[in-house]
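1. below is the sequence, then the predicted model.
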Amino acid sequence: MKNKMTFFGAIERNIWGDKINANPYFATLSILAVMLAGAVAGGGRLFYEWFRWDMAMNNVAMAALIVWIWGYNVAESIIAAEDWKVALGRSLLLLPVLILAFVFGAVASVVVICLVILWLALMFISYALTSSGGRSGSRSGGSSSDDDPSIELSTGRKVSGTFAGDDFHGSDGKTYKRTGWGSSDWEKE
């Protein structure tokens with residue numbers, strides 16, 4: 001976990017080596033904070049656009065937050081760098097990283113919210129389909145009671161029995177085959 005929390009510190013050590021001695025956690029935590037702000041802004045905008053909930057964040061306030069966090073990192077760069085070129089380079093490297101982190105957070109929050117809504121919709125559809133006993137509807141030509149399944153023949157006679165796919169095994173010992181989708185479309189096999 002320690003190496004993951006210092007990834008920006010590792011990048012700047014690879015670029016500048018010992019010319020900068022900044023806190024390895026500060027820039028990474030700044031990036032994560034800006035990413036979280038992007039997630040809040042993206043999710044708030046999405047909820048505002050879809051449901052008119054007053055959760056949208058002001059874009060100027062979000063830009064000011066990025067500049068404020070970047071300003072802290074510029075101050076750290078000035079204090080921790082040996083010369084002005086390293087401080088300027090670190091600051092200019094961090095600004096686009098913060099902007100990209102904000103955009104990533106905003107897009108990721110919208111994607112996650114959409115996935116959660118899709119999952120909830122699929123769960124609702126699944127529940128609606130399985131609440132009727134696992135079938136999408138009652139069988140055509142059969143009785144509505146599961147205790148006494150029966151079909152009506154084209155002659156008007158009712159035969160009780162059991163369903164087996166598109167076949168019906170009647171209590172009279174005969175097997176009936178479905179010939180259509182009407183209520184009396186059954187014939188002896």
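-> Great, that's in hand. Numbers count the residues shown, from 1 in each chain.

2. only C-alpha atoms for contact and neighbour calcs from this point on.
-> Noted.

3. in the protein, which helix is the longest?
-> In the chain, taking DSSP state H as the definition, the longest helix is helix 84-130.

4. can you map out the strands along this structure?
-> With DSSP state E as the criterion, the chain has strands at 150-152, 158-164, 167-170, 175-178, 186-188.

5. and the first one, what does it pack onto?
-> Judged by 3 or more C-alpha pairs under 8 Å, 6 or more residues apart in numbering; DSSP states H and E, strand 150-152 is in contact with strand 158-164.

6. now the residue lying farthest from the centre of the chain: how far from Val60?
-> The outermost residue of the chain relative to its centre, with distances by C-alpha atoms, centre = their mean, is Thr155 at 54.7 Å. In this view, Thr155 and Val60 are 78 Å apart by C-alpha to C-alpha, to the nearest Å.

7. nearest to Leu118, out of the strands of the chain?
-> Of all the strands of the chain, it is strand 158-164 that lies closest to Leu118, at 35.1 Å by C-alpha to C-alpha.

8. in the chain, which residue is closest to the centre?
-> The residue lying closest to the centre of the chain (C-alpha atoms, centre = their mean) is Leu115, at 2.0 Å.

9. do you know how far it is from Asp172?
-> Distance from Leu115 to Asp172, counting by C-alpha to C-alpha: 53 Å.

10. how about Trp68?
-> Separation of Trp68 from Asp172 (C-alpha to C-alpha) stands at 85 Å.

11. out of those two, which sits in the busier spot?
-> Neighbours were tallied for Trp68 and for Asp172 using other C-alpha atoms under 10 Å; the higher tally belongs to Trp68 (12 against 9).

12. give the buried residues for stretch 42-57.
-> Neighbour-count burial for stretch 42-57 flags Gly42, Gly43, Gly44, Arg45, Leu46, Phe47, Met55, Ala56, Met57 (criterion: 16 or more other C-alpha atoms under 10 Å).
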